[in-house]
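> Next come a sequence and a model predicted from it.
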Amino acid sequence: MKLLFATSELYPLIKIGGLADVSNNLPVALKNRRQAVRVLLPAYQSVLVPLKEVKVIAKFDLNGYSVRLLETHLAPSRLTIWLVDCPELFNRPGSPYINAQGQDWPDNAQRFGLFCEVAAKVATDELGLNWLPELVHCNDWQTGLTPVYLNQRPASERPKTVFTIHNLAFQGLFSYDVFQALQLPSELWSSEALEYYGQLSFIKGGLVFADQITTVSPRYAEEITTAEFGYGLEGLLQARNDKLTGILNGIDNQQWNPQTDTNLVHNYSVDLLSGKIKNKRALQRDFGLLLNDKAMLIGVVSRLYKQKGIDLLLQNIAAISKHAIQLIILGTGDSKIEGELIEAAAAYPVTVAVQVGYDEQLAHQIVAGADVFAIPSRYEPCGLTQLYSLRYGTLPLVRNVGGLADTVVNSTTETIANNTANGFVFDEASPDALYESILHAASCFADKNLWQNLQSSAMKQDFSWGRSARNYLRLYQGLSKP
Ligand code: ADP
Ligand code: GLC
């Protein structure tokens, strides 16, 4: 099949969170299954600057902007990337979404609106690329208007569309003035279309107009049809429930492999777990934690926002410091949470270590060196770090939501006996529930044999992209049948 994959993040060119990993791994997995995939991405400054090999494949004017389409290839997969180069909108320093003060770029609607319009033009070969996809796969609100623009063409003259929700909390909401400025057809200003309580909603473009909606785990697909997780869109998602499915994300088994990972102090495998502890000792030493093999080291690598439940951990620091439990956190995000974490590390220097920032290598080292990897999220559409941790024999301790619930099995007498246990799961989003789960993990950690059995079950699980890519392909093929 010819497939166009539209996304606002792509590892390793530009990454904020898991969307970037998925936007690389899924297209590569599809390419390996002999599908013709093109990934469409805005040409942000940080993407353009390091690129060596780029070719201009189209040049045109749109909404008063001059735009070019650039082609490059990712190594080592040779995946084809098409970059939407509109310097006025994308060639600026900093994050794709926010300015240096942490506020949304004021022209985000123009930026991603134009991106969606270009996606629709590419998808109908209006730019004369001589390539007509059978299906366009859109991701999150930044691509939400693509199905809207495509739906303005006759059904026979447009490809089918899939819209994937990676995070329903981000909806791309703008004022009515923006709706007018984008010159969207006036009949779309309705709660049946793009209006959301008096605002323009980009994500509704995807949810209302895509031929199929997917999200990144079966559990989250159910959750978002309820008021607790639906962010006001549960009614719409209930109404379109027959077009909504959950397909679990996978992981790149080569990039995340404890046997070959060049980021680690020591490589190790399920059969040679003894190397793992050297990674733990290196972390303890580098971050000034007490050098103690018997202390259970909890790792966290996360965007630091309310979603991730880091505050629940913060409220437990005094309590866990009374036990042989240590905590190492790498993350960046909300400056208030960052500040609180730095304070906690200063107050408990030998039990709590914090590094604020984004650091790919340290992320791997924490996933490898920690005993337990905590993800106390309030909601979690899929979550990738629990999957990385499982592969590294670092037992995930997670809240019972979304993709976490679909991938982590709490260690109980029963699940231990039938060898399905691979981590720790708690229900309520409260500091107490998290604390209890941490103590439960610590009691299992004290039993060396039990712990090794749990690690071995975790490491033998397969979350590589194969199965998920097959599911997507089956979905694409079903949709594109005449
Ligand atoms: P989300 O997309 O909600 O942030 P995921 O678990 O799907 O959550 O993906 C997060 C991705 O970002 C993972 O690949 C994780 O390793 C990475 N990551 C998050 N924070 C950092 C950081 N501070 N440094 C390095 N990698 C990070
Ligand atoms: C989002 C979600 C995360 C998911 C990722 C990739 O950022 O918060 O749970 O794993 O997208 O789908």
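Perfect, thanks for sending it. Numbers count the residues shown, from 1 in each chain. Ligands and ions are numbered 1, 2, ... in the order given.
> What values do phi and psi take at the residue nearest to Glu88 when sequence neighbours are not counted?
In space, and not counting its chain neighbours, Glu88 is closest to Tyr65: 5.7 Å by C-beta to C-beta, 6 or more residues apart in numbering. C-beta coordinates here come from the backbone N, C-alpha and C atoms, glycine included. Reported as degrees, to the nearest 10, the phi and psi values for Tyr65 are phi -110, psi 150.
> looking at the sheet around Tyr65, what are its partners?
Leu62 (DSSP bridges).
> Hmm, Arg111 and it touching each other?
No - using C-beta atoms under 8 Å, Tyr65 is not in contact with Arg111, being 10.1 Å away.
> give me the residue from the chain nearest ligand 2.
Closest contact between the chain and ligand 2, by C-beta to the nearest ligand atom, is at Gly18 (2.9 Å).
> where's that residue relative to Leu182, distance?
For Gly18, the distance to Leu182 equals 28 Å [C-beta to C-beta, to the nearest Å].
> neighbour-wise, which of those two wins?
Set Gly18 next to Leu182 and count neighbours by other C-beta atoms under 10 Å: Gly18 wins out with 24 against 20.
> Spatially nearest residue to the more buried one, not counting backbone neighbours?
Leu384 (4.6 Å).
> do the same with Ile247
Distances taken as C-beta to C-beta, 6+ apart put Asn471 closest to Ile247, at 4.8 Å, once the chain neighbours are dropped.
> Need the phi and psi values for the one you found.
phi -60, psi -40.
> Let me know whether it touches Gly246 as I believe.
No - at 9.8 Å, Asn471 does not count as touching Gly246 under the criterion of C-beta under 8 Å.
> Who has more neighbours out of the two?
The residue with more neighbours, out of Asn471 and Gly246, is Gly246; 22 against 16, by other C-beta under 10 Å.
> how close does the more buried one get to Asp427?
20 Å.
> just Lys448 next, same as before
Lys448 is 28 Å from Asp427, where distance means C-beta to C-beta.
> likewise Gln284?
Distance from Gln284 to Asp427, counting by C-beta to C-beta: 31 Å.
> more neighbours, the two?
For Gln284 versus Asp427, neighbours defined as other C-beta under 10 Å are more numerous around Gln284 (21 against 12).
> How confident was the prediction at that one?
The model reports Gln284 with a pLDDT of 98.
> what sits against it?
Neighbouring residues of Gln284 by C-beta atoms under 8 Å, 6 or more residues apart in numbering: 290-292, 297, 326.
> Now tabulate those residues in CSV and tack on secondary structure.
Converted to CSV, these look like this (DSSP: H, G, I helix; E, B strand; the rest coil):
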residue, secondary structure
Leu290, coil
Leu291, coil
Asn292, coil
Leu297, strand
Gln326, strand
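> and the residue of the stretch 201-350 of the chain found nearest ligand 1, what element?
At 4.3 Å from ligand 1, Arg303 is the closest residue in the stretch 201-350 of the chain, using C-beta to the nearest ligand atom. According to DSSP states H and E, Arg303 maps onto strand 296-304.
> List the residues that contact whichever residue of the stretch 1-150 of the chain sits closest to ligand 1.
When scored by C-beta to the nearest ligand atom, the stretch 1-150 of the chain has Gly18 as its residue closest to ligand 1, at 2.2 Å. With contact set as C-beta under 8 Å, 6+ apart, Gly18 has these partners: 166, 249, 382-384.
> Can you get me the start-to-end distance on stretch 172-184?
Criterion C-alpha to C-alpha, to the nearest Å; first-to-last residue distance in stretch 172-184 is 15 Å.
> got the buried residues for it?
Of the residues in stretch 172-184, 172-174, 178-179, 182, 184 count as buried by neighbour count, 16 or more other C-beta atoms under 10 Å.
> Ok, stretch 9-22 next?
Neighbour-count burial for stretch 9-22, counted by 16+ other C-beta under 10 Å, picks out 9-11, 13-16, 18-22.
> so can I have TSV of those residues showing secondary structure and pLDDT?
TSV is the format used below for these (DSSP: H, G, I helix; E, B strand; the rest coil; pLDDT from 0 to 100):
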residue	secondary structure	pLDDT
Glu9	coil	98
Leu10	strand	98
Tyr11	coil	97
Leu13	coil	96
Ile14	strand	97
Lys15	coil	96
Ile16	coil	95
Gly18	helix	97
Leu19	helix	98
Ala20	helix	98
Asp21	helix	97
Val22	helix	98
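> Now compare these and name the two farthest from each other.
Pairwise distances across those (C-beta to C-beta) peak at 15.2 Å, for the pair Leu13 and Gly18.
> Help me confirm that Val56 is found in a strand?
Yes - under three-state DSSP, Val56 falls within a strand.
> Just give the nearest non-adjacent residue to it, would you?
Arg68 (5.4 Å).
> and Gln477, how many neighbours?
Using other C-beta under 10 Å, Gln477 has 12 neighbouring residues.
> before we move on, what SS does it have?
helix.
> So it sits against Leu3, correct?
No - applying C-beta under 8 Å as the test, Gln477 and Leu3 come out as separate, 10.7 Å apart.
> between the contacts of Gln284, which is nearest Val37?
Nearest to Val37, judged by C-beta to C-beta, of these is Leu297 at 39.7 Å.
> still on that earlier bit, tell me the confidence at the residue of the stretch 201-350 of the chain closest to ligand 1?
pLDDT recorded at Arg303 is 97.
> quick one: contacts for it?
By C-beta under 8 Å, 6+ apart, the contact set of Arg303 is 16-17, 331-333.
> and stretch 157-175, anywhere near ligand 2?
Yes - counting by C-beta under 6 Å from any ligand atom, contacts between stretch 157-175 and ligand 2 involve 166-167.
> list the buried ones in that stretch?
158-168, 171-174.
> just those now: which is nearest Tyr149?
For the buried residues of stretch 157-175, the nearest to Tyr149 is Arg158 (9.2 Å; C-beta to C-beta).
> Test my guess that the closest one contacts Glu126.
No - taking contacts as C-beta under 8 Å, Arg158 lies outside contact range of Glu126: 11.0 Å.
> mind listing what Leu248 touches?
For Leu248, the contact set (C-beta under 8 Å, 6+ apart) comprises 216-218, 382, 403, 406-407, 463, 468.
> Greatest separation within those residues: which pair is it?
Largest separation among the contacts of Leu248 by C-beta to C-beta: Pro218 and Phe463, giving 14.0 Å.
> The two: which is more packed in?
Shown here are Pro218 and Phe463; by other C-beta under 10 Å, Phe463 has more neighbours (20 against 16).
> residues contacting that one?
248, 250-251, 387, 390-391, 407.
> Report the distance from the one helix or strand Leu89 maps to to the chain centre.
Using DSSP H and E, Leu89 sits in helix 87-90. In terms of C-alpha atoms, centre = their mean, to the nearest Å, the centre of helix 87-90 is found 25 Å from the chain centre.
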